[in-house]
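# structural data only, the sequence is not supplied:
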C-alpha cells in the first residue's frame, strides 16, 4: 500500500528564515510526486510534479527536489503570504489515485 | 488549468438525511475524482467518476453510501446518503486531463452533520 509521511506537522518561521519541508514515501512504481498548497477553506492548489530521482523544480521562493525515498520542499526567504498547509502526494505507476500525506502547516511571521 | 466549481460550498445537515454535491468544470476532462478530507487528516480518494458507467470505489467506500453520477465530460455529482456526524468532512472533486497526470482540485464542500 502506498504511504506518504510529511514532517514537521507544523513549522513557524520568521520572514526571511529559509527552511525545508520533508515528504517520505513508499509507492509501487512512482508515476509522479505532487506538491500542493492549501489555504484555509480552499481546495489544494497545484505547485509541482516530480517524476524521477534527481529532478528539481522551482517557482518563486519554492524549490522541490526528489530522491528515491523522499522529497523536499525548500522555502527560501519566506514571506507571510507563504503561510499555508503544504501537501505531498504520490501517484503509482499505471494508476491515477493520489495518496496524500497529512501536510505541513507553515506559518511565516513578520 | 481548468476552472472547477462545487455546489454547495458548505452545508449543515441533520443525521439520516442525504446531500448531493455538484462539481462543474469549464472544459472537457478525462478523469474526475471525489476525495474526502476529514478534520486533521489527509485527503482520501472515495471514487473515480466514470462517464457513462458506474463509478470505481476505493476500499472502504460503497455505492449505497456515496452514489456518484457523471452524465458528461464536465459534470459530476456525489451524494452522501443517510448521513451521520462521522460524515462531517470537506468533500473535494478533482479533474485530470488526457495529456496530463496532474489533478486539479475544486474549492471543496464543507459538510457538517448534526
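Sure thing, it's come through. Everything numeric in this text was worked out from a predicted model, so none of it was measured. Residues are numbered from 1 along each chain as shown, chains lettered A, B, ... in the order given.

# mind listing the strands for the chain?
Unless you meant another one, I'm taking chain A. A:3-7, A:10-14, A:19-26, A:30-38, A:45-50, A:56-59, A:62-66, A:70-75, A:84-92, A:99-100, A:104-109 (DSSP state E).

# chain B, not that one
Using DSSP E, strands in chain B cover B:4-7, B:10-13, B:19-25, B:31-37, B:43-49, B:56-57, B:68-72, B:75-80, B:89-96, B:103-105, B:109-113.

# quick one, what contacts residue 24?
In the absence of a named chain, chain A is used. Listed by Cβ atoms under 8 Å, 6 or more residues apart in numbering or on different chains, the contact set of residue A:24 reads A:4-7, A:69-70. (Each C-beta comes from the backbone N, C-alpha and C, glycine too.)

# switch to chain B, please.
Residues near residue B:24 by Cβ under 8 Å, 6+ apart: B:4-7, B:74-75.

# now narrow these to whatever sits close to chain A.
Near chain A, taking Cβ under 8 Å from any Cβ of the partner chain as the test, the members of the contacts of residue B:24 found are residue B:4.

# bridging residues for the residue most central in space within chain B?
Most central in chain B under Cα atoms, centre = their mean is residue B:34, positioned 3.3 Å from the mean C-alpha point. Here residue B:34 sits in beta bridges with residue B:47, residue B:93, as judged by DSSP bridges.

# just list the residues touching residue A:104, thanks.
A:6-11, A:21, A:85-86.

# which non-adjacent residue is nearest it?
residue A:21 (4.6 Å; Cβ to Cβ, 6 or more residues apart in numbering or on different chains).

# for that neighbour, give me the pLDDT.
Residue-level confidence at residue A:21 comes out at 98, pLDDT.

# near chain A, which residues of chain B?
So chain B meets chain A at B:1, B:4, B:31, B:33, B:40-45, B:48, B:58, B:92, B:94, B:96, B:101-108, B:110 (Cβ under 8 Å from any Cβ).

# residues in chain A within reach of chain B, list them.
A:4, A:31-32, A:34, A:36, A:41-46, A:49, A:87, A:89, A:91, A:96-103.

# give me the PyMOL select line for those residues, limited to the buried ones.
Listed next is the PyMOL selection for buried residues among the residues of chain A next to chain B, using 16 or more other Cβ atoms under 10 Å in any protein chain shown:
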select buried, chain A and resi 4+31+32+34+36+43+44+49+87+89+91+96+97+98+99+100+101+102+103
